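Enquirer: Sequence first, then the predicted structure, then my questions.
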Amino acid sequence: MTPTIYNVSTIHSVDDIFCCSTFAVDQFNWGGDYRPVTSGRLGFLPDTAFVLEMTCQESDPCRIYRQDNDPVYLDSAMEAFFCFAPEEKDPCYLNFEMNANGAMLACYGRSRQNRSPFSEQVRQDLLCEANILENCWSVRLTLPLTLVRSLYPKVTLDCGSHFTCNFYKIKESKDLTHFASFAPIPVPEPNFHLPEYFAQASIL
């Protein structure tokens, strides 16, 4: 299978995120008739952070949960998973799952089970924000490099660096259930926690 590739542009301010290349979350690996159009952009602020902006063409998204670390994947949610040491045999990866209330489930670990939630201070530093418009909604996340370095002390991120990631659109509860990804996931059952199928990302 040809690897999915995303080039991350270096930006000089958060507002430059709209100059970055767009990725489409359009791989509906497990079927379903409800397929909301979802896209995003990821930019790199040198020595500071990654900035993620995702948008879904969905009006009045399901948004029951309001607290961080609630199961927002049961609502309409957009998600971003990152692995900054993909060459390791059993790498740690980060998951950020966000609904239209700005509630965020954020954890790290090496597998789908036994994941560790980030502290309240870390969640505040991620600056998760949601915005609801008439026919769409969006989320913005800032991933500080200080957090990345704390989990990957041997990793240096700069122009020319590589890592892996995947982006998702999900609603796991019974109404309008759907599972979409940026990079395809060729397994029979829904599972986003498979870093071996993350896209290849390069910082330009």
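Expert: It's in.
Enquirer: need the contact list for F167.
Expert: Listed by CB atoms under 8 Å, 6 or more residues apart in numbering, the contact set of F167 reads 23, 25, 40, 54, 78-81, 181-182. (C-beta placed from N, C-alpha, C; glycine too.)
Enquirer: and if you look at P46?
Expert: By CB under 8 Å, 6+ apart, the contact list for P46 reads 10, 158-159.
Enquirer: ok, it to T156 distance?
Expert: For P46, the distance to T156 (CB to CB, to the nearest Å) stands at 12 Å.
Enquirer: hmm, back to that, name the member of the contacts of F167 with the shortest distance to S116.
Expert: Closest to S116 out of the contacts of F167 is F81 (14.7 Å), distances taken as CB to CB.
Enquirer: Look up how far L141 lies from that closest one.
Expert: According to CB to CB, F81 and L141 sit 12 Å apart.
Enquirer: Please enumerate the shared neighbours of those two.
Expert: Counting by CB under 8 Å, 6+ apart, the residues touching both F81 and L141 are F96.
Enquirer: Check the contact between A201 and T164; I expect there is one.
Expert: Yes: A201 lies in contact with T164 (CB atoms under 8 Å); the separation is 6.2 Å.
Enquirer: Which parts of the chain are helices?
Expert: Assigned by DSSP state H, the helices in the chain fall at 120-125, 145-151.
Enquirer: In this protein, which residue is most central in space?
Expert: The chain has A80 as the residue nearest its centroid, 0.8 Å off, counting by CA atoms, centre = their mean.
Enquirer: show me where the chain has strands.
Expert: 5-10, 22-24, 38-45, 49-56, 77-83, 93-99, 104-109, 116-117, 129-132, 137-144, 162-171, 178-181, 199-203 (DSSP state E).
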